[in-house]
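**Student:** just to be clear, the model below is a prediction. Sequence and coordinates:
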Amino acid sequence: MTTLDALRDATSVEAIKSDLLRTAYENEGSFLHRLDPRVLLLWYVVFLFVPWLFYDMTVLLGLLAFVSVLAVLSRVSLFLVGLMAFTVVTTLGSYAVVTVFTGDPVAAVRALIPYTLKLTIISVSSLAVFSSMGPKTLSQGLRSLGIPRQFTFLITYGYRMLPVLFEEYHDLVNSFRLRSTAPDSPGRFRWRHYAYLLKLSVRAFYPMIFNVAKRSRVTVEAMEARGFSHSLNDEASTELRLADMQIRPIDVGFFVGSLLVVAALAFFF
């Protein structure tokens, strides 16, 4: 297999779909997956604020390196990382293009780099944390922190619907392709072909939403028949769902170690 074939396989629809589903569901072999979800959520809240406390580029780059290591250990989707990197680069590029007509583009980009780094640190932290927690783990962590079970159920249900949505959308697009006629000529740079695919993608979106609405109604009726509303205020049900959660030394060590890394960066740089 050549490098071009390997790249084509890695960027195929099936490969991207499998990568996103693996990210949405639990990465059981990742380091952060072994930690208690309450500790992970608390760590995430702390790192939402930590980047805004510093303005030194060296400290920000150190924080970015630290959260990037965690993202690698969490086996974050390369597709999502590439998408985030593309967004950062295009954002800085757009600022440079705009300031060409109003001032110095180099100075504008240089002034925006610290702000962009802070947002990137938060984004990478989000990818690392939420790629390590599946729907069940995330709902347990939120429920243990006092979040209403209706909200945690919506998160879990949304995760569980992801593979259904992917398959439904893929099947609808394929059915529209079978029943429609592709352009006779792809045009320069295959623009007619891509416009044709975009049109099919938009047409398949609305039937998918309608089918999901019907599935959601059936799911709600089935859960009500099994007493879901009654269990919302049942303390025994909540204790049973959270019985296997416990904070261990590895959780405390991870949280304290992260704070020590931040303190070391702030002290030495």
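**Tutor:** Thanks, I have the structure now.
**Student:** when you work out contacts or count neighbours from here on, use the C-alpha atoms and nothing else.
**Tutor:** OK.
**Student:** just for this protein, where's the confidence low?
**Tutor:** Within the chain, the stretches with pLDDT under 70 are 1-29, 103, 224, 226-243.
**Student:** so which helix or strand takes in Tyr169?
**Tutor:** Per DSSP states H and E: Tyr169 is located in helix 149-179.
**Student:** from Phe205, how far off is Arg217?
**Tutor:** 19 Å (CA to CA, to the nearest Å).
**Student:** what do you get for Leu142?
**Tutor:** Counting by CA to CA - Leu142 and Phe205 are separated by 31 Å.
**Student:** repeat for Thr90
**Tutor:** 27 Å.
**Student:** more neighbours: Arg217 and Phe205, which one.
**Tutor:** Using other CA atoms under 10 Å as the criterion, Arg217 and Phe205 rank with Phe205 on top: 14 against 11.
**Student:** helix or strand: which one has the more buried one?
**Tutor:** Using DSSP H and E, Phe205 maps to helix 191-225.
**Student:** equivalent analysis for Leu60, please.
**Tutor:** helix 57-73.
**Student:** for that helix, which helices and strands make contact with it?
**Tutor:** If you count contacts as 3 or more CA pairs under 8 Å, 6 or more residues apart in numbering; DSSP states H and E, helix 57-73 packs onto helix 105-132, helix 249-268.
**Student:** coming back round to it: buried set for the helix holding Tyr169?
**Tutor:** In terms of neighbour count (16 or more other CA atoms under 10 Å), helix 149-179 has its buried residues at 149, 152-153, 155-156, 159-160, 163, 165, 168-170, 172-173, 176.
**Student:** what's the answer for stretch 139-147, then?
**Tutor:** Using 16+ other CA under 10 Å as the test for burial, stretch 139-147 gives Ser139, Gln140, Gly141, Leu142, Arg143, Ser144.
**Student:** work out for me the element the second one sits within.
**Tutor:** Using DSSP H and E, Gln140 maps to helix 135-144.
**Student:** now the angle from that helix to helix 105-132?
**Tutor:** On the basis of axes from the mean of the first three to the mean of the last three CA atoms, to 10 degrees, helix 135-144 is oriented at 100 degrees to helix 105-132.
**Student:** elements contacting helix 135-144?
**Tutor:** Judged by 3+ CA pairs under 8 Å, 6+ apart, the packing partners of helix 135-144 are helix 37-49, helix 149-179.
**Student:** so how far is stretch 189-199 off the chain centroid?
**Tutor:** 28 Å (CA atoms, centre = their mean, to the nearest Å).
**Student:** which outside residues touch that stretch?
**Tutor:** Stretch 189-199 has contacts (CA atoms under 8 Å, 6 or more residues apart in numbering) with Ala182, Pro183, Ser185, Pro186, Gly187.
**Student:** would you mark the buried spots in it?
**Tutor:** For stretch 189-199, by 16+ other CA under 10 Å, it's Arg192, His193, Tyr196, Leu197.
**Student:** can I get these in TSV with distance to Leu63?
**Tutor:** As requested, those are exported to TSV (distance: CA to CA, whole Å):
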residue	distance to Leu63
Arg192	45
His193	43
Tyr196	44
Leu197	41
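**Student:** could you pull up phi and psi at the nearest residue to Ile247 once chain neighbours are set aside?
**Tutor:** Distance criterion CA to CA, 6 or more residues apart in numbering; nearest residue to Ile247, sequence neighbours excluded, is Asp36 at 6.0 Å. Per-residue torsions, Asp36: phi -70, psi 130 (degrees, to the nearest 10).
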